[in-house]
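Asker: Using only what follows, build the 3D model:
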Amino acid sequence: MTQIIVLPHVELCPEGAVIEAQPGKSLCDTLLENGIEIEHACEKSCACTTCHVVIREGFDTLDAAEETEEDMLDKAWGLEPNSRLSCQTLVKEDALVIEIPKYTINMAKEGHSK
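Answerer: Modelled structure (predicted):
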């Protein structure tokens, strides 16, 4: 199992968390299975940015993002060089430290329409 440290997030994980993850599983699924209700408005299909996370430690151990994820990340709030969509990030053997951004762009939740 791989250790994932989730830094404190005011709403989703106020105390932070240390969780064990199964390599090969998405970071989003791992968070959800451990009670961290990260948004995933597109149902993990890489069509939004609501599951955006910042990998604070371990970024270089992950597989590179595919072009579709990179294109989506360009629309994420608070984008950083080590940002990823958790639905597209597969956990490897190496430990990760992640931060869930304070805000997300969720058109449905925010009451916006196309």
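Asker: how near is the residue lying closest to Asn82 once chain neighbours are set aside to Glu15?
Answerer: In space, and not counting its chain neighbours, Asn82 is closest to Phe59: 4.3 Å by Cβ to Cβ, 6 or more residues apart in numbering. For every residue, glycine as well, the C-beta is placed using N, CA and C. Separation of Phe59 from Glu15 (Cβ to Cβ, to the nearest Å): 24 Å.
Asker: Among those two, which residue is more densely surrounded?
Answerer: Phe59 (17 against 7; other Cβ atoms under 10 Å).
Asker: For the more buried one, give its distance to Ser45.
Answerer: 23 Å.
Asker: before we move on, the earlier item: and the residue nearest to Asn82, how far from His52?
Answerer: Counting by Cβ to Cβ - Phe59 and His52 are separated by 14 Å.
Asker: go on, Pro81?
Answerer: 13 Å.
Asker: Settle it for me: which of these two has more neighbours?
Answerer: His52 (26 against 7).
Asker: residues contacting that one?
Answerer: Leu73, Ala76, Trp77, Gly78, Leu79, Ser83, Arg84, Leu85, Ser86, Pro101, Thr104 (Cβ atoms under 8 Å, 6 or more residues apart in numbering).
Asker: if you set the cut-off to 7 Å instead, what comes out?
Answerer: Ala76, Ser83, Leu85, Pro101, Thr104 (Cβ atoms under 7 Å, 6 or more residues apart in numbering).
Asker: give me phi/psi at it?
Answerer: phi -60, psi 130 (degrees, to the nearest 10).
Asker: Next, count neighbours for the spatially closest residue to it that is not a sequence neighbour.
Answerer: Distance criterion Cβ to Cβ, 6+ apart; nearest residue to His52, sequence neighbours excluded, is Ala76 at 4.3 Å. Using other Cβ under 10 Å, Ala76 has 22 neighbouring residues.
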